[in-house]
Structure formats: structure tokens, C-alpha cells
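In: need coordinates for the following:
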Amino acid sequence: MEGAGSRLKKIRLEKGLSLEEVQKKTKVHLNILKAIEGDTFTNLSPVYLKSFSKIYCHFLGVDPKEFVPEYRAVREKVEIRSGEKAQGEKKTPSSRFFEDTTVSLKSFGEGARKYKKIFLSILFAVLVLFILFHLGRFIAKHRASHRAVEVARVTQKKVASFSVAAATLNKFSKTALSEITVTISAKENCLVTLKADGHVLFHRVLERGRSETWQAKNRIDLYLGNAGGVELIVNGQRFPSLGRRGQAIKGITITKEGLNIPR
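Out: Model prediction:
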């Protein structure tokens, strides 16, 4: 009687397929396909044998029920025969192959667990990077806020110093002479416009290291293009800075009553 493997081989040949083509499509090992077609099964679990046979049958387009049950009888015969020869019998190359195949299938689960560990490690690393990124942004915002507070404190101190300077000039002006004397020394280049009693006496850039002195009877109007870059001396009273570096201030007035800096 023609065996199931021979019938499957006949169907394959009728379809013009080689075992290599079947192996590429089904991913079933070539030696297993040869064993199925040759009805030579040794040391192969019935579960795996049935599974591989079903895959082969579905690929060939035949009903597995017409072929798979026949393998059960063959498997029983092989087990009886192998049981009789178990003692002192050396394993054949085919038996070693099926044993290796069974081990490889068992190791598939171990490989899956290994990949799971790798995936979890990558996920953990991404989570750590995400936390570090947001922590860095938080620290940067905190530092920026701290710098803003420090700038506000410095500005407040400068405003307070201007108020003290103005008060000092007011006190000085009560005992001042009949004229107002103003000297401007440039620590950096600064555009200066100066009017004395309504007359423009100076309107150009006062270069770094230069100084100029003017006098007026009642009033001096002053514009500075770089308030932090000049030093002002009024009737011997020194004012190191009237503003920030690069700050333009117009409408500064100096009279016998005092110094007025617009806010």
C-alpha cells in the first residue's frame, strides 16, 4: 500500500515543486520534509510530526485528515522498533537531527524571553533619558529665574544709588555758587547732547578716554546715548553711572535745585 509520504511526494511533483521551494515557502526544515515524504520518522515527537505534516498538506492544498492519521500507525511501529533496539544501539545521523530539531524548538521559548529582556532594557533606557531631559529643562528654567531675580536686585540697587546721588546733589546745591559746572568723562564712546541755558553747546560722540566741561547759570539739559559709559561730575559731586551700559536717557536736567533723571 502506498504510504502517506509517497502520496504527498507525488502531489508535489505533479505541481512541479521542488523540496527546496517547499522549504522556502513553509519554513519547514528540508530534512523534515524528506522524512515526511520517505515515511522515515525516528525520535520525533508526534505533536511536532503532526504539526509539520499539516503545514505541508495545507501548502499542497490537500486535506490533512487524509494523510496525518496514517502517521500515527507509523509512529507506533517506529516506537516499538526503537524500544527493542534502545540498549546498546548507536544513534543514527537522522535520529541526532530530530533530537537537535526538538531542542531547537524548545530553545525558541528561551530566545523569546531573551528578546523580551532586551526590549525591557531598551524601554528602561528610553524612560531614563526622558526623565533626565525634563529634569535638565527644569534646572535650566530654575537658573534663568534665579538670574532674573539677581538682575532685578542689581537694578533696584542702582535706582537706590541714583536716589541717594540726587539727594546729595540737592543738599550740595543749597550751598552752591551762582553757576553750575558739569564735567562728563567717557569710559566708553557715548553720544552726548548738552544744552546750557537753552543753547546747544555739545552734540556729538564723546570718545572713550575724553572728558568735557561746561558751565551754565541756571540750567543744563542733557541727553546720553550710553548712560552706563560715562561719569558725571556736577559742581565737584561725582556720579559714576546714571544708567545701564548702552541705555539711552534723554531729558536729564541739572539745576541749582538738583539733578533730575527721568524714569
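In: and for residue 232, the neighbour number?
Out: Number of residues near residue 232 (other C-beta atoms under 10 Å) recorded here: 22. All C-beta atoms are positioned from the backbone trio N, CA, C, and that covers glycine.
In: and it, what element?
Out: Assignment of secondary structure by DSSP states H and E places residue 232 within strand 230-234.
In: which elements pack onto that strand?
Out: Secondary-structure packing of strand 230-234 (3 or more C-beta pairs under 8 Å, 6 or more residues apart in numbering; DSSP states H and E): strand 180-186, strand 237-239.
In: list the strands paired with the last one, with their directions.
Out: I take that to be strand 237-239. Applying DSSP bridges to the sheet, strand 237-239 is found paired with strand 230-234 (antiparallel).
In: for the strand it pairs with, output the C-alpha coordinates as PDB.
Out: The C-alpha coordinates for strand 230-234 follow below in PDB (Å, rounded to 0.1, in the frame of the first residue of the first chain):
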ATOM      1  CA  VAL A 230      30.100 108.000  31.200                       C
ATOM      2  CA  GLU A 231      30.900 109.500  34.500                       C
ATOM      3  CA  LEU A 232      29.200 112.800  35.500                       C
ATOM      4  CA  ILE A 233      30.600 115.400  37.900                       C
ATOM      5  CA  VAL A 234      28.400 118.300  39.000                       C
END
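In: contacting residues around residue 60?
Out: Counting by C-beta atoms under 8 Å, 6 or more residues apart in numbering, residue 60 makes contact with 8, 11-12, 15.
In: the same query, at a cut-off of 6 Å, please.
Out: Going by C-beta atoms under 6 Å, 6 or more residues apart in numbering, residue 60 touches residue 11.
In: what's the distance between it and residue 22?
Out: From residue 60 across to residue 22, the span is 8 Å (C-beta to C-beta, to the nearest Å).
In: with residue 214 instead?
Out: Using C-beta to C-beta, one gets 107 Å for the distance from residue 214 to residue 22.
In: same question, residue 221
Out: Distance, residue 221 to residue 22, by C-beta to C-beta: 103 Å.
In: got it, and residue 68?
Out: In terms of C-beta to C-beta, residue 68 sits 17 Å off from residue 22.
In: repeat that for residue 254.
Out: Using C-beta to C-beta, one obtains 105 Å as the distance from residue 254 to residue 22.
In: what's the angle between the strand holding residue 232 and strand 180-186?
Out: Angle of strand 230-234 versus strand 180-186, following axes from the mean of the first three to the mean of the last three C-alpha atoms, to 10 degrees, is 160 degrees.
In: can you give the contact residues for strand 230-234?
Out: Residues from elsewhere that reach strand 230-234, judged by C-beta under 6 Å, 6+ apart: 169, 182-186, 190, 239-240, 254.
In: and what of stretch 139-148?
Out: Taking contacts as C-beta under 6 Å, 6+ apart, no residue outside stretch 139-148 touches it.
In: return the member of the contacts of strand 230-234 nearest to residue 134.
Out: Of all the contacts of strand 230-234, residue 134 sits closest to residue 240, with 44.4 Å by C-beta to C-beta.
In: the closest residue to the closest one other than its chain neighbours - how many residues pack around it?
Out: Of all residues not flanking residue 240 in the chain, residue 231 sits nearest, at 5.5 Å (C-beta to C-beta, 6 or more residues apart in numbering). The burial count assigned to residue 231 is 15, neighbours taken as other C-beta under 10 Å.
In: can you check residue 216 too?
Out: Using other C-beta under 10 Å, residue 216 has 21 other residues around it.
In: ok so, going back, show me how far the strand holding residue 232 is from its chain's centre.
Out: Averaging C-alpha positions (C-alpha atoms, centre = their mean, to the nearest Å) puts strand 230-234 52 Å from its chain's average.
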